[in-house]
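Asker: Return atomic coordinates for the entry below.
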Amino acid sequence: MMSDGFSPGRFRAVLVKEFIQMRRDRITFAMMIVLPIVQLMLFGFAINSDPRKLPTLVELNDNGPVTRAVLAGMQNSSYFDFRGPVSGVAEGEEALRRGDANFVIVIPQNFERDVVRGLSPQILMAADASDPSAAGGAVSALSGIVTVAISETLTGPLAPKANPAPFSVVVHREFNPEGKTSTNIVPGLLAIILSMTMVMITAVAIVKETERGTMEMLIATPVRPLEVMLGKILPYVFVGYVQTVVFLLSAAAIFHVPFDGSWLAFFIGFNLFIVVNLALGFLISTAARSQMQAMQLSFFTILPSILLSGFMFPFAGMPGWAQFIGTAVPATHFLRIVRKVMLKAGELADVAGELTSLTIILVVIAAIAMLRYRQTLD
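Answerer: Numbering: from 1, shown residues only. I've put the predicted structure just below:
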């Protein structure tokens, strides 16, 4: 007869049983250990809401001591990372549009002479404002940097010329003149939405068949791994199409996000991105033994897509190791495609590099998924 009181023996048996079950469920146990560490590393080191050392180009039309002091002050600051000169407005605009630079600083002709004469020359700062958080800190710091540089250069009889500030800074915010956060966030949100849904839906759906035993029936047929992979993931492409259409309509009607670029470039990019994420979901399904594990592994892939792709924080402002990892994340490249096409009037040639990167990632993921699927067959 079972005692109604608390039994240490029964409690110990249940406790031991749970530890044994935890040891058998290695994926879940690893997620409990690894995920907090990954979050700690990403939020502690990779995430930076005040990005520094952003790529900067200079159009230098004056090369006097004052100008050199201004450039030295900007180089010594933590906001700018000079990548070289540009020879004109058109070259600087193209660099901003391609994403090769966040800023183009234009020093006008006779800058030093006009400073000494008190004519208050203008320094032009063209900023890629498609990401307002990247431009804000540097724009605010520029005036102070130039003021200090000029005051340290104009000494002796010229010292009175340094006060008040003998110049002005004109900022041109490109691609998002109003500095609206939604103009930056909404295009990138499509990459996150597709990542979350495509990966998780595919992984869970395939694992569900394994749990029900229908996958064993499919394995018993002469269907090849590639045929299974394509047959399983392509139906969900339609789901991605529906999500994309709803997103584009909402972005235009509600948030007034422009679409200035090539529809062909966008069409190729989002189709490729959908297939990459579906292949990743298929890969996860080969490692997961239950739907819970499939969801956990899917979430593990979604976290880098949000934090390391440039969606929430400027990609160029992250440390080198974080950028290296982020380059392997499919959302990084699709996010660049969407922002270039929608905000910067990008054409197919402008996103060719990102399309190539997505293709390489797709080939790698598909190869690993088919290899693991063959091991499952064995």
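Asker: contacts, neighbours, all on C-alpha from now
Answerer: OK.
Asker: how long is stretch 116-136 end to end?
Answerer: Here the two ends of stretch 116-136 are set 30 Å apart, with distance taken as CA to CA, to the nearest Å.
Asker: measure stretch 168-187 end to end?
Answerer: 34 Å.
Asker: quick thing: my sequence starts at 27, can you match it?
Answerer: Yep, numbering from 27; the last one is stretch 194-213 now.
Asker: and that stretch, what's its mean pLDDT?
Answerer: Along stretch 194-213, the predicted local confidence has a mean pLDDT of 84.
Asker: same deal with stretch 91-111?
Answerer: Stretch 91-111 comes out at a mean pLDDT of 83.
Asker: so who does residue 340 touch?
Answerer: 77, 157, 159, 160 (CA atoms under 8 Å, 6 or more residues apart in numbering).
Asker: Return the list of helices and strands in contact with the helix or strand that contains the last one.
Answerer: Applying DSSP states H and E as the criterion places residue 160 in helix 158-179. On a contact count with 3 or more CA pairs under 8 Å, 6 or more residues apart in numbering; DSSP states H and E, helix 158-179 meets helix 91-102, strand 148-154, strand 194-200.
Asker: Mean neighbour count, the ones you listed: which tops it?
Answerer: Among the helices and strands packed on helix 158-179, judged by mean count of other CA atoms under 10 Å, the one packed with the most neighbours on average is strand 148-154 (a mean of 21).
Asker: and that one, what other elements does it pack with?
Answerer: helix 115-124, strand 129-133, helix 158-179, strand 194-200.
Asker: got the angle between the last one and strand 148-154?
Answerer: Our comparison of strand 194-200 with strand 148-154, counting by axes from the mean of the first three to the mean of the last three CA atoms, to 10 degrees, yields an angle of 20 degrees.
Asker: do the same with the third one
Answerer: Here helix 158-179 points in a direction 160 degrees away from that of strand 148-154 (the same axes, to 10 degrees).
Asker: how far off strand 129-133 does helix 158-179 point, in degrees?
Answerer: Going by the same axes, to 10 degrees, helix 158-179 is angled at 30 degrees with respect to strand 129-133.
Asker: which parts of helix 158-179 are buried?
Answerer: Applying a neighbour-count criterion of 16 or more other CA atoms under 10 Å, one finds 158-161, 164-165, 168-169, 171-173, 175-177, 179 buried in helix 158-179.
Asker: For it, the averaged confidence score.
Answerer: Helix 158-179 carries an average pLDDT of 76.
Asker: Next, the contact list for residue 38, please.
Answerer: For residue 38, the set of contacting residues under the criterion of CA under 8 Å, 6+ apart is empty.
Asker: what helix or strand does it sit in?
Answerer: Taking DSSP H and E as the definition, residue 38 sits inside helix 34-50.
Asker: Just the C-alpha atoms of that helix, please, in PDB.
Answerer: Listed in PDB are the C-alpha atoms of helix 34-50, where the atom choice follows Å, rounded to 0.1, in the frame of the first residue of the first chain:
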ATOM      1  CA  PRO A  34      12.400  10.400  -0.100                       C
ATOM      2  CA  GLY A  35      12.900   7.100  -2.000                       C
ATOM      3  CA  ARG A  36      10.200   7.900  -4.600                       C
ATOM      4  CA  PHE A  37      11.500  11.500  -4.900                       C
ATOM      5  CA  ARG A  38      15.000  10.200  -5.500                       C
ATOM      6  CA  ALA A  39      13.800   7.800  -8.200                       C
ATOM      7  CA  VAL A  40      12.000  10.500 -10.100                       C
ATOM      8  CA  LEU A  41      15.000  12.800  -9.800                       C
ATOM      9  CA  VAL A  42      17.400  10.200 -11.100                       C
ATOM     10  CA  LYS A  43      15.100   9.400 -13.900                       C
ATOM     11  CA  GLU A  44      15.000  13.000 -15.000                       C
ATOM     12  CA  PHE A  45      18.700  13.400 -14.900                       C
ATOM     13  CA  ILE A  46      19.000  10.200 -17.100                       C
ATOM     14  CA  GLN A  47      16.500  11.600 -19.500                       C
ATOM     15  CA  MET A  48      18.400  14.900 -19.600                       C
ATOM     16  CA  ARG A  49      21.600  13.100 -20.400                       C
ATOM     17  CA  ARG A  50      19.900  11.200 -23.300                       C
END
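Asker: residue ranges for the helices of the stretch 227-376 of the chain, please.
Answerer: If DSSP state H, counting those that start in this stretch is used as the criterion, the helices of the stretch 227-376 of the chain fall at 240-245, 251-259, 261-279, 289-313, 317-333, 346-353, 356-369.
Asker: wait, which of those helices is closest to residue 107?
Answerer: Put simply, out of the helices of the stretch 227-376 of the chain the one that sits nearest residue 107 is helix 346-353, at 13.6 Å, with distance taken as CA to CA.
Asker: between the closest one and helix 317-333, how many degrees?
Answerer: With the same axes, to 10 degrees defining the directions, helix 346-353 sits at 120 degrees from helix 317-333.
Asker: Next up, phi/psi of the residue nearest to residue 371 when sequence neighbours are not counted, please.
Answerer: Nearest residue to residue 371 in three dimensions, chain neighbours excluded: residue 287, at 3.6 Å (CA to CA, 6 or more residues apart in numbering). The main-chain torsion angles of residue 287 are listed as degrees, to the nearest 10 and equal phi -110, psi -160.
Asker: again, but for residue 206
Answerer: Phi and psi for residue 206, reported as degrees, to the nearest 10, are phi -80, psi 130.
Asker: Out of the contacts of residue 340, which comes closest to residue 217?
Answerer: When the contacts of residue 340 are compared for distance to residue 217 (CA to CA), residue 157 wins out at 15.7 Å.
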